[in-house]
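J.: Have a look; sequence and predicted model below, questions after that.
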Amino acid sequence: MEPKLGNPQNTIAVIQKYNFVFQKKYGQNFLIDTHVLDKIITAAGITNNDMVLEIGPGIGTMTQYLASAARKVIAVEIDDHLIPILEDTLSEYDNVTILHDDILKVNITHLASQYNGGRPVKVVANLPYYITTPIIMGLFEKDVPVDNITVMVQKEVADRMQVGPGSKDYGALSLAVQYYAEPYLVANVPPNCFLPRPKVGSAVIRLKRYSSPPVSVRDPALMFRLIRASFNQRRKTLQNGLSNSPDLSLSKEQIAQAILALGMPASVRGETLTLEQFARLADYFFEHTHQKGNPLC
């Protein structure tokens, strides 16, 4: 079945047919550029052996492309008003299942078991800004069987996911994503590729999940508490950022000793540390403080 909804006229016709009103709270902007749609399919590496989980299918534009390329598509949509539209636009695709649900409440591991024999699924999504981080981190942290995540996000969010130390965009999201996956910028997407047009540029980024993280760390949860604390007050030194954090029970003396032991200057800022350095810092506290009965939280 040939996808039809990449064409702007067809998208407008569907919207008018159902008198659909865009919901700002869901960050709804529908993609109307066939070249971008093709790039997403290619970047995600979708084959007719794959199960794809689509988050936020909208009126089914990307879903039609996914259904033409994949063996099975599960499309999860939260907006009540879009369900009858999806049932219409996807009626000719027998390999699509529409779930009316909040993706943050969906048991994706169960879906992978039910529809994909437990094998890793490929995730494709067009995510609004406010929910991007919770969804992506939820997929990684809950150990969901995911091969890769190919998402449309605000350009500034895509930039944050892939940059290294020293950049103004570098932060907790950069380190979290890069611990779990290898980011690759697929394409920058201008506002005129959407209906309605967003006020900012977007980008497609693919996150290829690592079979094992690129750094080893004794306690990943502790490492991420250190990362969050160091970026919560990014203008402060690492020592002050960690000592001011309510999530950590560390004295300035303990923090100073750790920084010295790792060969870093006392004035070092958290935004200059690599993922490897944060892992070593976490291991130091795990071995020298946690082991002595201080749970660090």
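T.: Thanks, I have it.
J.: Now residue 51: closest residue in space that isn't a chain neighbour?
T.: residue 116 (4.0 Å; C-beta to C-beta, 6 or more residues apart in numbering). Just so you know, the C-beta spots here come from the backbone N, C-alpha and C atoms, and that holds for glycine as well.
J.: same question, residue 29
T.: Using C-beta to C-beta, 6+ apart, the closest residue to residue 29 is residue 194 (4.1 Å).
J.: since we're on the nearest residue to residue 180 once chain neighbours are set aside, how many residues are nearby?
T.: For residue 180, ignoring the flanking residues on the chain, the nearest one in space by C-beta to C-beta, 6+ apart is residue 140 at 4.1 Å. Neighbour count of residue 140, defined by other C-beta atoms under 10 Å: 18.
J.: Which phi and psi values does residue 140 adopt?
T.: phi -80, psi -50 (degrees, to the nearest 10).
J.: And residue 54, by the same measure?
T.: The phi/psi pair for residue 54 (degrees, to the nearest 10) is phi -100, psi 130.
J.: on that earlier part again, dig out what the residue nearest to residue 29 forms beta bridges with.
T.: residue 31 (DSSP bridges).
J.: Would you check that it makes contact with residue 154?
T.: No - counting by C-beta atoms under 8 Å, residue 154 is not a contact partner of residue 194; they are 11.8 Å apart.
J.: shared neighbours of those two, anything?
T.: Both residue 194 and residue 154 are in contact with residue 202, where contact means C-beta atoms under 8 Å, 6 or more residues apart in numbering.
J.: Which strand or helix spans residue 99?
T.: Assigned by DSSP states H and E, residue 99 belongs to strand 96-100.
J.: what are the pairing partners of that strand, and which direction each?
T.: strand 72-77 (parallel).
J.: I'd like the average pLDDT over the next helix or strand after the partner strand.
T.: As assigned by DSSP H and E, the chain's next helix or strand after strand 72-77 is helix 83-89. Per-residue pLDDT over helix 83-89 has a mean of 96.
J.: now the strands for the stretch 101-250 of the chain?
T.: Along the stretch 101-250 of the chain, counting by DSSP state E, counting those that start in this stretch, strands occupy 121-126, 146-154, 181-189, 194-195, 202-209.
J.: Can you redo the ones you listed as JSON lines, where the extra columns are mean neighbour count, mean pLDDT and distance to residue 287?
T.: Below are the strands of the stretch 101-250 of the chain laid out as JSON lines (neighbours: other C-beta atoms under 10 Å; pLDDT from 0 to 100; distance: least, C-beta to C-beta, whole Å):
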{"stretch": "strand 121-126", "mean neighbour count": "25", "mean pLDDT": "96", "distance to residue 287": "36"}
{"stretch": "strand 146-154", "mean neighbour count": "23", "mean pLDDT": "96", "distance to residue 287": "32"}
{"stretch": "strand 181-189", "mean neighbour count": "17", "mean pLDDT": "97", "distance to residue 287": "28"}
{"stretch": "strand 194-195", "mean neighbour count": "19", "mean pLDDT": "92", "distance to residue 287": "50"}
{"stretch": "strand 202-209", "mean neighbour count": "22", "mean pLDDT": "97", "distance to residue 287": "29"}
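J.: so which of those comes closest to residue 250?
T.: Among the strands of the stretch 101-250 of the chain, the nearest to residue 250 by C-beta to C-beta is strand 181-189 (29.2 Å).
J.: Sheet-wise, list the partners of the closest one with their directions.
T.: Strand 181-189 is paired, per DSSP bridges, with strand 202-209 (antiparallel).
J.: Okay, angle between the strand it pairs with and strand 121-126 too, please.
T.: 160 degrees (axes from the mean of the first three to the mean of the last three C-alpha atoms, to 10 degrees).
J.: neighbours around residue 29, how many?
T.: 19.
J.: hmm, I was thinking of residue 41
T.: Residue 41, neighbours per other C-beta under 10 Å, totals 20.
J.: name the element it belongs to?
T.: Counting by DSSP H and E, residue 41 is part of helix 34-44.
J.: hang on, the earlier thing: save the strands of the stretch 101-250 of the chain as JSON lines, and put in distance to residue 260 too.
T.: Formatted as JSON lines, these follow (distance: least, C-beta to C-beta, whole Å):
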{"stretch": "strand 121-126", "distance to residue 260": "43"}
{"stretch": "strand 146-154", "distance to residue 260": "39"}
{"stretch": "strand 181-189", "distance to residue 260": "33"}
{"stretch": "strand 194-195", "distance to residue 260": "51"}
{"stretch": "strand 202-209", "distance to residue 260": "35"}
